[in-house]
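**Student:** Got a sequence here, can you model it:
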Amino acid sequence: MEDKLDLYFTALRNFSRLFMQNVVDDGKSIKSDLRLSQVRAITAFKDKNCFSMKELAHNMGVNLPTMTMMINGLIKDGIAERDRDESDRRKVMVCLTDRGKKIKAKFLTQRRKTAQSIFSSLNHSDKEDLLNCLRGACRILEKTFKKRNSRSGK
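**Tutor:** So this is what the prediction gives:
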């Protein structure tokens, strides 16, 4: 069972890494010298420009110490800034700076261009196979998570 789990984790990690690395490589034209980990951290901001550290860690699927290290790099490079939540001083909010917002927008545009380039080079059969595999993986994971959550009362 452990060997199979390692194969699944490796396949998921490789898919994500390959795609993101291509986006970063294709995005050299956006004049950004961001490392892959910084790009991944920026993607944790999803559809908003401010999140709590806990929300960012959840969005990334990493633990809080890992997210803290990633955010520290973004702060050091002037891409994000930390602030205390005025309504709850214990809560740390992280917001993209104006520079961070511009980089995020450029990255999202580049990600779309890279995906279009990749998918336009696939033949119809490969596109269908890839789509079916991704849909199947999501369906299986959703079903598994629903079962697990219903058993734990979440």
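
**Student:** Where does residue 126 fall, secondary structure wise?
**Tutor:** For residue 126, the host element (DSSP states H and E) is helix 124-152.

**Student:** and the lengthiest strand in the chain, C-alpha only, in PDB?
**Tutor:** Identified as the longest strand of the chain according to DSSP state E is strand 88-96. Listed next in PDB are the C-alpha coordinates belonging to strand 88-96 (Å, rounded to 0.1, in the frame of the first residue of the first chain):
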ATOM      1  CA  ASP A  88      -8.800  39.900  15.900                       C
ATOM      2  CA  ARG A  89      -5.200  40.900  16.700                       C
ATOM      3  CA  ARG A  90      -4.200  37.200  16.900                       C
ATOM      4  CA  LYS A  91      -4.900  36.700  13.200                       C
ATOM      5  CA  VAL A  92      -2.100  37.600  10.800                       C
ATOM      6  CA  MET A  93      -3.300  38.700   7.400                       C
ATOM      7  CA  VAL A  94      -1.000  38.600   4.300                       C
ATOM      8  CA  CYS A  95      -1.800  40.900   1.400                       C
ATOM      9  CA  LEU A  96      -0.100  41.300  -2.000                       C
END
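
**Student:** immediately after it, which helix or strand?
**Tutor:** Using DSSP H and E, the helix or strand that follows strand 88-96 in sequence is helix 98-120.

**Student:** ok so, going back, same question for the helix holding residue 126, mean pLDDT?
**Tutor:** Per-region confidence: helix 124-152 scores 85 on mean pLDDT.

**Student:** Make residue 1 into 58 and carry on from there
**Tutor:** From this message on, residue numbering opens at 58, which makes the last subject helix 181-209.

**Student:** Could you check the pLDDT of residue 108?
**Tutor:** In this prediction residue 108 is given a pLDDT of 93.

**Student:** what does the model give residue 60 for pLDDT?
**Tutor:** Turning to residue 60, the model gives it a pLDDT of 76.

**Student:** How about residue 100: what's its closest non-neighbour residue?
**Tutor:** Nearest residue to residue 100, sequence neighbours excluded (Cβ to Cβ, 6 or more residues apart in numbering): residue 164, at 7.4 Å. C-beta here means a position set from N, CA and C on the backbone, and glycine is covered the same way.

**Student:** Could you tell me how far that neighbour is located from residue 97?
**Tutor:** Noted for residue 164: a distance of 10 Å to residue 97, by Cβ to Cβ, to the nearest Å.
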